[in-house]
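Engineer: sharing a sequence plus its predicted fold:
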Amino acid sequence: MIPEIEIKRRRTFAIISHPDAGKTTLTEKLLLFGGAIHVAGAVKSNKIRKSATSDFMEIERQRGISVATSVMGFDYKGLKVNILDTPGHEDFAEDTYRTLSAVDSVIIVIDCAKGVESQTRKLMNVCRMRKTPVIVFINKLDRPGRDPFELLDEIERELKINVIPLSWPIGMGTTFKGVYNMYGGKLNLFFPVNKQTITQDVVEINDINSPELDKNIGDYSTALRDDLQLINGVYPHFEVKDYLMGKVAPVFFGSAINNFGVKELLECFLEIAPHPQNSTTATREVSPFENKLTGFIFKIHANMDPNHRDRIAFLKICSGVFERNTSYFHVTSGKWIKFSNPTAFMAEKKSTIDRAYPGDIVGLHDTGNFKISDTLTEGEDLQFKGIPSFSPEQFRYIENADPMKYKQLAKGIDQLMDEGVAQLFTLKSNGRRIIGTVGALQFDVIQFRLEHEYGAKCRYEVINLHKACWIESQSKEQLDDFRKRKFNSMALDKWGREVFLAESPYALQMAIEKFDKIQFHFTSEF
Ligand code: G4P
């Protein structure tokens with residue numbers, strides 16, 4: 001029997017943001033509060049710095065670091081918190097999308113001066129699709145920023161989610177005095193002194209009209225009272241169930257680097273964030289409370305050492321108990337596989353575990369069996385949903401640059417695609433292969449890794465494409481006509497599904513209008 005308490009005490013989530021909004025800093029501060037680390041700076045960021053945009057050696061170095069920070073687990077007040085790291089660099093957005101399939105909730109960090117940025121918008125689209133509960137943390141209040149009401153309006157408009165502030169800033173930048181925490185009725189005073197400690201001044205104020213408020217923040221108290229009155233009038237009362245349904249996002253203000261507002265965020269998060277939830281498969285819903293193990297692979301990490309081409313596959317446990325040295329059914333291959341060294345992650349430490357529960361992430365040593373979205377069960381034929389591929393944004397032909405290494409190239413491409421580094425499309429007309437990626441960096445990564453890990457050489461050729469769309473239709477007639485007319489733009493993805501490669505937004509629009517019985521999908525799951 002699976003102990004219910006083990007499921008109910010787990011909180012598995014990701015922190016997402018546009019690069020530089022403060023995701024890494026906030027992650028670190030949460031680990032500090034959780035006691036998982038003791039000094040700020042202990043956990044290295046997995047982010048690939050902006051300066052490294054074309055430096056793939058740096059990417060390789062960072063890749064090594066990011067294995068350790070892929071999952072950061074810690075215990076806090078009886079709860080088991082699992083933070084799943086997401087790559088900071090935009091070109092790796094696809095990795096982030098997949099990580100979002102393995103979490104039960106999300107914290108979005110927004111820079112108070114910049115507001116909603118492009119990457120935040122894209123990531124929120126994925127959260128909305130999955131109805132993931134979201135908490136917003138507006139960061140960098142110690143710097144001059146935008147008006148908080150204006151920011152909230154922008155979040156509602158741009159991220160298409162209702163918001164309710166649960167804390168409120170008093171001043172901003174050089175005049176920043178602190179935040180009033182509406183959720184707990186406390187005034188947190190800001191002193192930008194020691195960034196490494198986790199103490200701060202908190203004054204409990206049960207009545208906002210109390211002279212205590214004036215004593216602590218002087219003239220700012222009038223503005224705060226006015227703001228709070230406005231908030232009460234404009235925003236509805238916060239209901240946890242609306243948050244859990246993904247309808248409303250509570251908002252906190254603070255300054256991650258100064259450890260400010262982070263504790264309030266963490267405590268509220270732990271109180272309201274969901275424990276592991278049901279997962280959807282192609283055939284049924286899986287409850288975390290079921291006794292039999294089920295889980296899926298959402299991330300694969302290759303070893304950086306070319307002499308050991310083994311990989312770590314990250315398994316998200318959806319139900320049952322995972323046990324060491326027990327055979328599990330690998331649905332794709334139909335094989336039973338046993339794992340003698342499954343690993344769990346606690347902050348930057350990795351250790352072998354005997355047992356793991358729903359919500360946990362287990363690292364499995366893999367010699368090339370797994371690909372993204374593979375399922376493990378105790379015999380059931382299940383396929384989890386919600387780990388789609390998204391239409392890439394950049395495309396290039398990939399060609400063999402060393403005729404003697406054809407096999408190595410084929411194997412390398414195959415395995416890198418299994419890892420989800422990029423997507424491969426094969427043109428139906430002539431069999432040429434096209435690599436599609438979210439960002440330009442991956443092309444360098446693929447070329448570098450093919451050479452260093454597989455001893456193969458590739459070269460790229462330019463191809464002008466706008467989007468890849470997965471197509472389906474009930475009308476065989478129209479589908480056949482489409483196939484014939486678009487013969488040169490038709491390709492197969494890695495799973496043999498039909499994809500239309502649109503040359504331009506115009507070509508796509510024309511196709512959609514002309515072939516009204518065909519559905520064009522921008523993700524591989526529909
Ligand atoms: P990211 O993971 O979302 O990309 O952002 P990260 O935490 O790396 O933060 C980006 C920059 O913003 C960092 O500065 C970081 O120190 C700074 N930062 C984070 N939180 C706050 C805050 O509350 N207030 C202020 N003023 N700055 C903040 P950097 O100079 O790019 O890097 P570093 O040299 O400090 O590491």
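Structural biologist: That came through, no problem.
Engineer: beta partners for residue 344?
Structural biologist: Note on residue 344: beta-bridge partners residue 351, judged by DSSP bridges.
Engineer: spit out the contact partners of it.
Structural biologist: Applying C-beta atoms under 8 Å, 6 or more residues apart in numbering, one finds that residue 344 lies in contact with 71, 73, 350-353, 356, 360-363. All C-beta spots, glycine's among them, are computed from the backbone N, C-alpha and C.
Engineer: one more: residue 6?
Structural biologist: 80, 357-358.
Engineer: for residue 491, same thing?
Structural biologist: Contacts of residue 491 (C-beta under 8 Å, 6+ apart): 425-428, 434, 468, 498-501.
Engineer: so it belongs to a strand, correct?
Structural biologist: Yes - judged by DSSP: H, G, I helix; E, B strand; the rest coil, residue 491 forms part of a strand.
Engineer: nearest residue to it other than its sequence neighbours?
Structural biologist: residue 425 (4.0 Å; C-beta to C-beta, 6 or more residues apart in numbering).
Engineer: the one you found and the ligand: what is the separation?
Structural biologist: Residue 425 is 31 Å from the ligand, where distance means C-beta to the nearest ligand atom, to the nearest Å.
Engineer: helix/strand/coil for that residue?
Structural biologist: strand.
Engineer: repeat for residue 468
Structural biologist: Strictly by three-state DSSP, residue 468 counts as strand.
Engineer: before we move on, back to that, the residue nearest to residue 491 against residue 492, yeah?
Structural biologist: Yes - here residue 425 reaches residue 492: they are 6.9 Å apart, a contact under C-beta atoms under 8 Å.
Engineer: so what's in contact with the two at the same time?
Structural biologist: Common neighbours of residue 425 and residue 492 (C-beta under 8 Å, 6+ apart) are residue 499.
Engineer: for this protein, what lies in contact range of the ligand?
Structural biologist: 17, 19-25, 45, 47, 88, 139-140, 142-143, 255-258 (C-beta under 6 Å from any ligand atom).
Engineer: quick one on the thing from earlier: of the contacts of residue 344, closest to the ligand?
Structural biologist: Closest to the ligand out of the contacts of residue 344 is residue 71 (16.6 Å), distances taken as C-beta to the nearest ligand atom.
Engineer: kindly report the domain assignment for this protein.
Structural biologist: For the chain, the domain assignment from automatic domain parsing gives the residue ranges 4-272, 279-377, 394-521.
Engineer: avg pLDDT for the second one?
Structural biologist: This points to domain 279-377. Domain 279-377 carries an average pLDDT of 89.
Engineer: and it, how far apart are its ends?
Structural biologist: 14 Å (C-alpha to C-alpha, to the nearest Å).
Engineer: low-confidence regions, this structure specifically.
Structural biologist: Scanning the chain for pLDDT under 70 picks out the ranges 1, 37-69, 88-89, 192-201, 303-309, 346-349, 526.
Engineer: can you show me the helices along it?
Structural biologist: 4-8, 23-33, 56-68, 93-100, 118-130, 148-159, 211-217, 220-234, 240-244, 262-272, 406-419, 441-454, 476-485, 505-514 (DSSP state H).
Engineer: residue 377 touches residue 332, doesn't it?
Structural biologist: No - between residue 377 and residue 332 there is no contact under C-beta under 8 Å: 11.3 Å.
Engineer: okay, those two: which has more neighbours?
Structural biologist: The neighbour comparison of residue 377 against residue 332 (other C-beta atoms under 10 Å) goes to residue 377, with 21 against 14.
Engineer: ok, now which ones touch that one?
Structural biologist: Residue 377 makes contacts with 292-294, 328-329, 331, as judged by C-beta under 8 Å, 6+ apart.
Engineer: drop anything exposed from the residues of the chain next to the ligand.
Structural biologist: Among the residues of the chain next to the ligand, those scoring as buried are 17, 19-25, 45, 47, 88, 139-140, 142, 255-258 (criterion: 16 or more other C-beta atoms under 10 Å).
Engineer: for residue 302, give the beta-bridge partners.
Structural biologist: Those that pair with residue 302 in a beta bridge, by DSSP bridges, are residue 311.
Engineer: look up how far residue 366 lies from it.
Structural biologist: 9 Å (C-beta to C-beta, to the nearest Å).
Engineer: ok, residue 113 touching residue 140?
Structural biologist: Yes - Residue 113 lies in contact with residue 140 (C-beta under 8 Å); the separation is 6.6 Å.
Engineer: can you give me the end-to-end span of stretch 178-188?
Structural biologist: Stretch 178-188 has an end-to-end distance of 5 Å (criterion: C-alpha to C-alpha).
Engineer: next, the buried residues of that stretch.
Structural biologist: Buried residues in stretch 178-188 (16+ other C-beta under 10 Å): 178-183, 186-188.
Engineer: now stretch 262-282
Structural biologist: 262-270, 272-277, 279, 281.
Engineer: try stretch 142-152
Structural biologist: Those would be 142, 145, 148, 151-152, for stretch 142-152 by 16+ other C-beta under 10 Å.
Engineer: mind listing residues that contact that stretch?
Structural biologist: For stretch 142-152, the external contacting residues (C-beta under 8 Å, 6+ apart) are 110-113, 115, 138, 154, 163, 165, 168-169, 172-174, 176, 190, 192, 227, 230, 251, 253, 255, 257-258, 260.
Engineer: how about a cut-off of 10 Å?
Structural biologist: Where contact means C-beta atoms under 10 Å, 6 or more residues apart in numbering, the residues beyond stretch 142-152 that reach it are 110-116, 136, 138-139, 141, 153-154, 162-165, 168-169, 172-176, 190, 192, 227, 230-231, 234-235, 249, 251, 253-258, 260.
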